[in-house]
Each structure stands twice: as structure tokens, then as C-alpha cells.
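Engineer: Got a predicted structure here, sequence first:
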Amino acid sequence: MKACVLQSPAPIETNPLQFTDVPKPEPQAGQVLVRVRACGICRTDLHVTEGELPTRKMPVIPGHQVVGVIEAAGANARRYPTGTRVGIAWLHSTDGTCEYCKAGKENLCNNPAFTGYTVDGGYAEYALAEENFVYPIPEGFDDLKAAPLLCAGIIGFRSLRLSGIGRGGRLGLYGFGAAGSVAIQVARYWGAEVYISTRDERHQKLALELGAVWAGGTVAEPPVQLDSAIVFAPAGEIVPAALKALKKGGTLTLGGIHMSQIPALNYNLLYQERVVRSVANNTRQDGHDFLRIAAEIPIHTEIQVFPLKDANRALNALKNDAIRGAAVLQVGA
Ligand SMILES: [Zn+2]
Ligand SMILES: [Zn+2]
């Protein structure tokens, strides 16, 4: 099969992904083989490709927002018939036995596997998944538009849940890529007012189109005090600015898997019971709950489509803020 393979991490400007032929994988017990139709591009793919996350598997096929169709199943995999359209997300598997799994916090599992990082992902014509970790895709979404729901959407949703935002609340979003453009729609559906801080003017414009009441630069101060805020941009210097905009008792949620150093903070920014917390992965329940609400709203995803062989070009564009909404690789069209 064709795939984009990372042999070793390198700056994306050097186009480190090789479009090449690799053996088509075989589903093992409990697994399904998915014929990929679309794979969304996530900032985490950039972190994996450039080596900002520790190397776990090399070579590796990145990609963890996979939409495709089940083509074959391994032994004991009977949950979905062949031909079912499913999504494969970041959480490839958990051990099911550690203290976190037992406590309903499988996102924090001690022995997880991650799609496109510790196991091969969806920048390929086929990908393997554990049948218990795939998500049926709601009918209203076409393949390409569904792809960004699987990480940007689910992680944005979990970030919103952890932020505690509700009806009438004022929510700040810092960074307005794929996750932000989904989170704003859910937050507005829940009746919150949304304020966007993002460096790129095209992203500010998209935010206003999606119903933000205000949009400004990266660390621009919103015109009101916020009940809670989420930082999606991987830039630690946003943290003090975001805390400054928070009301007493407000929560600042950090939605990324990687962030540059957070500068020293004056304790006054944190005092008055402000909370800073991170988001790590998601539970399967988050995924199923989000996809249900995504269909109900319904979520509109703004996408830019690239052919599979152009994954390097898409990741370069992502790094340069040149994607409006989400980049998606079209596979096998
Ligand atoms: Zn576990
Ligand atoms: Zn992701």
C-alpha cells in the first residue's frame, strides 16, 4: 500500500515524510483493517514529525484522525460488519487494568498505545485499529469533513468539559486552528459567549464568522473578564496573559500535548482560586458523546484538502498558520 512514512524526526521544512510503498497490515485478534478514505492533520503530527515528542516507534506512519471503511477483521473481532464506516482516533488502546482505567480515566492509562505515534496511523491507504476503540461516524458528515472531528473535535470537546463553561458563561479560546473552530460551535450551542485570541488575521475572521463576540491578537486582552479559557496554541507565553483575563475562581485549560516553556508567573495571576489544568488524551466516552453532539448541532468543519502524497506540504502549511480550519488528507480517491 501507499503510505507517508517518517524514517526519523526532522524539521518539516526538510519534508521528512516519504511517500512510498509498504506492506499492507494484517489485522490481529480483536483488530479491524480499515481502508482509509480521509485522515485529518493534527498539530500533534507536527510534534511527532519534528521530534518534539519523544520517539516511540521509528519508522512510523503518522495520523490519528482516520475515516475509513472496515475491510477485514481479525480473530474475535465481530463488533462491526465489514463495510461499516468508522473513525480511528489518537487513543489506539489501553491496558484496561491499571488504576486509571479502573477508575474510568482511561485517558490517563499507564500503558496506552497511540495511533500514528506508538503504532502506525492513517497517512496510508490502510490502518489497523482495535475494534473496541473505533467510532461509527454519524451519517450527516462526509468522510473529509468528519476527519477533523476525531482529534481536534474530541480534544476540543474534552477541553470544554474540563473548562466548566456553561450557559451564559464567557469563554476565551487562545489559538484558533482545527480544535478552536470546533470548540466555538459547541460552546455557542451550550449558550456561552466566546472570545478568541489568535495571531493570524484569517483565523480571527473565521472566528467572527463562527459567532465569536470578539477576536484579537495572540495575547490581546478581551474586553471582558472571562469565566474560563482554553489555550490550544502550543505557546507557553500565552499562559500569563490568559490568567490575567480570567475572573476569580476561573479555570484555564491547556489543550495541547506539547507547549513551549511557561514563563515565571506572579502569584497574583493565580491567586483567588484560579485553576490551571492540562488535558491529556480522551476517554472513549468523550469520543462517543462528542460525535453525538456534533451530529445534533451539526458541527461545520472548515477543511483544506490535500492528496495523501502531499502530507509534507500540508504540515508545512499548518506550521505557518496557512490552514483555514483543518487540513485533511484525501486517500484513495
Ligand atoms: Zn490503563
Ligand atoms: Zn491530535
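Structural biologist: That came through, no problem. Ligands and ions are numbered 1, 2, ... in the order given.

Engineer: all contacts plus neighbour counts: C-alpha atoms, from now on.
Structural biologist: Will do.

Engineer: Could you report the pLDDT at the closest residue to ligand 1 within the stretch 1-150 of the chain?
Structural biologist: Of all residues in the stretch 1-150 of the chain, C109 sits closest to ligand 1, at 3.5 Å by CA to the ion. Looking at C109, its pLDDT is 98.

Engineer: Near ligand 2, which residues of this protein? Just list them.
Structural biologist: Within the chain, the positions near ligand 2 by CA under 5 Å from the ion are 42, 151.

Engineer: quick one: the helices in the chain?
Structural biologist: 43-50, 99-102, 143-146, 152-163, 178-189, 201-209, 238-244, 267-270, 284-296, 311-319 (DSSP state H).

Engineer: mind checking which of these is nearest Y117?
Structural biologist: When the helices of the chain are compared by CA to CA, helix 43-50 sits nearest Y117, at 6.9 Å.

Engineer: can you state the direction angle for the closest one and helix 152-163?
Structural biologist: Helix 43-50 runs at 110 degrees relative to helix 152-163, counting by axes from the mean of the first three to the mean of the last three CA atoms, to 10 degrees.

Engineer: list the helices and strands helix 43-50 packs on?
Structural biologist: helix 311-319 (3 or more CA pairs under 8 Å, 6 or more residues apart in numbering; DSSP states H and E).

Engineer: hmm, back to that, neighbours around the residue of the stretch 1-150 of the chain closest to ligand 1, how many?
Structural biologist: For C109, the count of nearby residues is 22 (other CA atoms under 10 Å).

Engineer: can you pull the contacts of it?
Structural biologist: Listed by CA atoms under 8 Å, 6 or more residues apart in numbering, the contact partners of C109 are 94-96, 98-101.

Engineer: switch the cut-off to 6 Å
Structural biologist: C109 makes contacts with 100-101, as judged by CA atoms under 6 Å, 6 or more residues apart in numbering.

Engineer: returning to that earlier point: quick check: which of the helices of the chain is nearest to ligand 1?
Structural biologist: helix 99-102 (4.2 Å).
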